[in-house]
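Colleague: Kindly return the folded structure for what I paste below:
(2 chains)
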Amino acid sequence: MTTRILIAALMLAGWLPAQPLVDAWPTYNGDYSGRRFSPLTQLNSKNIQDLAPAWSTKLVGGAPASGVRFSATPLMVNGVLYITSLDNVWAIDARSGRELWRFYRESKGDMPRTGNRGVAIHDNHLFFVTIDNVLISLDAETGKQRFSVTIADSKQLFFSSVAPIIIHNHVIIATGGDSLDIPAYIQAHDPETGALQWRWRVTPAKGERGAETWPSQYAADFGGGHPWITGTYDPDLNLYYVGTGNPDPVGSGASRLGDNLYTCSIVALNPDTWKLVWHFQVSPHDTHDWDAVQTPVLIDAQIDGKPRKLLAQAGRHGYFTLLDRTNGRNILTVPFLPTLNWSKGVSTAGQPIPDPAKEPRPDGTLVSPPTSGATNWPPPSFSPQTGLFYVNTNEGFSLYYLTDPDRQPQGFAFREAGLGGNKSALVAIDYKTGKPAWKHYWRSPGGPNGILTTAGNLLFTGHGNYLIAFDAANGKTLWHAAVASPLANGPVTYLLDGLQYVIVGAGDTLQAYAKR
Amino acid sequence: MNTASARTNAPSRSRLGCAFVLAALLVATELAAQLPSRAAIASSNEDDAAVELGSALFFARCARCHGLAGRGTNPATDLIRSTLVRHDQTDRKLATHPDKSLTKSQIADLRVWLRVLLVSVAGKGNKDFLNILTGDPKQGEQFFASHCASCHSTKGDLAGIGEKYDPSVLQSLWLNPRRSKTPRTVTVTPPGVSGTLERIDEFRLTLKDQSGTRREIPLDDDTKVDIHDPLQPHYDLYPRLSDADVHNMTAFLATLK
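Modeller: This is a model prediction of the structure:
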């Protein structure tokens, strides 16, 4: 109980988990930084051969029709793991893998059943969203519902999958959905009642800064930009960083000529005043469905002898972007995908310059990357020990066909024909140059999957039906284990009863590993 | 869906026409692309007769202000982005609509068509391909001679290919031919074994050697795996192709009838 009270107190104080904990994994990214780096060294590149299965639990969901498929990061607090799949939340004994309770609620509506990225924990309460747009709070001990509030309109095909994040007394979530042209929101709710505290719309309202990047207010009002992945937070600056989604309509820019702020951007919001403090648009005027929701990772560095607060993102559009996170100024923008062919280079402001000739056309344009992106939502990792930013990538081409050539297109205005010969690689990027320090081409294409690094000079990730450990410094494969299904989200690690565990969600199975 | 109204209120189809007839008339124009494809209509799961009635009524009575695809002639008349339409509560709005002559059953039919329009807009890949044959077949022929003729022949393996496939399929197919006809061969060192590649992942490879024996070989960082993929020349083309090359080649292949 002491740990729980301590965590609750520290969370309320608002500065934890800015640094990684060793005996818990209490947020989506383990801490606020988005690094997914653990200071644990019990497992390390010297003894990794001793890592062995500890337990494995196949979870059964509430509805027979909907199979369990994890795309969530499990949280671990005080010996209990919390994980979600669509419509289901489980509490699992972290020592044995035994199910303690399950909460189930069936979602209704026509929205796509994409996935759920997990819960947030605050005090002794859990928070998660449903695909049909309800924020639900549960008692962490019993799984009993505390409250539920509707967060968006399902009839407009909003859908929600984000793992909430707690900052101060705000449960922060965001909308998803780009089937119909709808506005996108980041919003905060009261952790006690669920009441809406504030709502920030990604596209500007009339007269607001950024509205001039749309041809009309009408275009901005239906301009999308859903920030559907959990952001990161710097307690010193009190800034919440989120990557926003692609603009609507998808695949045609005909009715939204201009940069389309604040879509495909990294935005820095004050979580108490919900004011936009700065923004950097990593991909102006997207026409390829490449959202910029990939985790904005916080890096503390020494550059030219001076301490710097930085933020790095490897984007779905194929560029690595490094910013000063105090003010959003660009430090470097470098492509990490060798096949990338849709831009004319990078502007002096550090933004890719889209090549209009590579927008979708009725007769098809040959573009790299495909719509699934150079990378996608599965989380990257940054190790302060190696100074490397790790991301799983896909090299490939697709034909992009414009199917709605109207000057006022709506919804999905294009379709894609995927091609062959794709290659996938785990890339370790030197954040100071944007260049790869090492690259591991997988022997078969797939992924991308999430990544975890540790102070034991280890990198864990999945590929195919394997969990794999690498030497984080040089990319040598050190260890692997077969898993039930491909992983999606990243592995997590923590110390429990003096033993370092590694946990992965593989399909419908939660698997734990520890030193034998 | 309201099939009852479709049965009791059936107007003459020949007089009002339907979406397909209209789409056929509009086929040469951009407007055709805005109308729901057959695939979109099918995926809406609405009753065929009600869809036909609703669309006919829509084109006859609503399209003048709300546009053929319901997108409006100004923001105020855009039905696709209307919250009421998305909530399927169009009848509420129609109570204050300037045209008071619509009957209840007509409104029910219109709601069916509006649901089809929403499905059409919202679905990935719900819309049909447009004109793909924009390239110059002559230039495509030159490209073929310089890039493809060493492996392929227009009188041999590609004879009649333009007849066999729709242009959208043809374009994907020549860039990315089907794997089934072209097995990959592989040499793995160590142990220095060759054969037909059956399966490969990060740590394991399965091949069939010359004697027909299936062998499973474990892989690590130091194993050299040389794969010969007959399709690789196609993949290697991608970074070097202009979009004009793509369209010219497709246009040329489409002439092989």
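Colleague: which residues in the stretch 1-150 of chain A form strands?
Modeller: A:37-38, A:51-58, A:75-77, A:80-85, A:88-93, A:99-104, A:120-122, A:125-129, A:134-139, A:145-150 (DSSP state E, counting those that start in this stretch).
Colleague: winner for burial among those strands?
Modeller: strand A:37-38 (a mean of 28; mean count of other C-beta atoms under 10 Å in any protein chain shown). The way it works is simple: take the backbone N, C-alpha and C, and place the C-beta from them, glycine included.
Colleague: Let me see the mean pLDDT of that one.
Modeller: The pLDDT scores in strand A:37-38 average 97.
Colleague: need the strands of the stretch 1-150 of chain A in TSV with distance to chain B, can you?
Modeller: As requested, the strands of the stretch 1-150 of chain A are exported to TSV (distance: least, C-beta to the nearest C-beta, whole Å):
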stretch	distance to chain B
strand A:37-38	24
strand A:51-58	15
strand A:75-77	28
strand A:80-85	23
strand A:88-93	26
strand A:99-104	27
strand A:120-122	30
strand A:125-129	20
strand A:134-139	17
strand A:145-150	14
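Colleague: Columns distance to residue A:211 on top of the ones you listed, output as JSON lines?
Modeller: Formatted as JSON lines, the strands of the stretch 1-150 of chain A follow (distance: least, C-beta to C-beta, whole Å):
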{"stretch": "strand A:37-38", "distance to residue A:211": "39"}
{"stretch": "strand A:51-58", "distance to residue A:211": "51"}
{"stretch": "strand A:75-77", "distance to residue A:211": "39"}
{"stretch": "strand A:80-85", "distance to residue A:211": "37"}
{"stretch": "strand A:88-93", "distance to residue A:211": "40"}
{"stretch": "strand A:99-104", "distance to residue A:211": "42"}
{"stretch": "strand A:120-122", "distance to residue A:211": "32"}
{"stretch": "strand A:125-129", "distance to residue A:211": "29"}
{"stretch": "strand A:134-139", "distance to residue A:211": "29"}
{"stretch": "strand A:145-150", "distance to residue A:211": "28"}
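Colleague: Tell me which of these sits nearest to residue A:361.
Modeller: Residue A:361 sits nearest to strand A:125-129 of all these, at 37.1 Å, using C-beta to C-beta.
Colleague: Which residue would be the closest one in chain B to chain A?
Modeller: Residue of chain B nearest chain A, by C-beta to the nearest C-beta: residue B:235 (2.8 Å).
Colleague: How about that residue: what's its closest non-neighbour residue?
Modeller: In space, and not counting its chain neighbours, residue B:235 is closest to residue A:421: 2.8 Å by C-beta to C-beta, 6 or more residues apart in numbering or on different chains.
Colleague: So the one you found sits against residue A:398, correct?
Modeller: No. Assessed by C-beta atoms under 8 Å, residue A:421 is found out of contact with residue A:398, at 11.6 Å.
Colleague: Looking at the two, which one has more neighbours?
Modeller: residue A:398 (25 against 19; other C-beta atoms under 10 Å in any protein chain shown).
Colleague: Please, where are all the strands along the stretch 151-257 of chain B?
Modeller: So, for the stretch 151-257 of chain B - with DSSP E, counting those that start in this stretch - the strands run B:185-189, B:193-200, B:204-208, B:214-218, B:224-228.
Colleague: which bits of the stretch 151-257 of chain B sit near chain A?
Modeller: Within the stretch 151-257 of chain B, the positions near chain A by C-beta under 8 Å from any C-beta of the partner chain are B:168, B:171-172, B:175-176, B:179, B:200-203, B:205, B:219-221, B:225, B:231-232, B:234-236, B:238-239, B:241, B:243, B:246-247.
Colleague: Which members of those residues are classed as buried?
Modeller: B:168, B:171-172, B:175-176, B:200-203, B:205, B:219, B:231, B:234-235, B:238, B:241, B:243, B:246-247 (16 or more other C-beta atoms under 10 Å in any protein chain shown).
Colleague: Poorly predicted segments of the stretch 101-250 of chain B, please.
Modeller: B:125 (pLDDT under 70).
Colleague: if we can go back for a sec, against residue B:162, how distant is the residue nearest to residue B:235?
Modeller: Using C-beta to C-beta, to the nearest Å, residue A:421 is found at 24 Å from residue B:162.
Colleague: which non-adjacent residue is nearest residue 83?
Modeller: As the question left the chain open, I've gone with chain A. residue A:74 (4.1 Å).
Colleague: nope, chain B
Modeller: Using C-beta to C-beta, 6+ apart, the closest residue to residue B:83 is residue A:156 (7.1 Å).
Colleague: host element of the residue of chain A found nearest chain B?
Modeller: Nearest to chain B in chain A, going by C-beta to the nearest C-beta, is residue A:421, at a distance of 2.8 Å. Using DSSP states H and E, residue A:421 sits in no helix or strand.
Colleague: Contacts only, for it.
Modeller: A:396-397, B:176, B:231-232, B:234-236, B:238 (C-beta atoms under 8 Å, 6 or more residues apart in numbering or on different chains).
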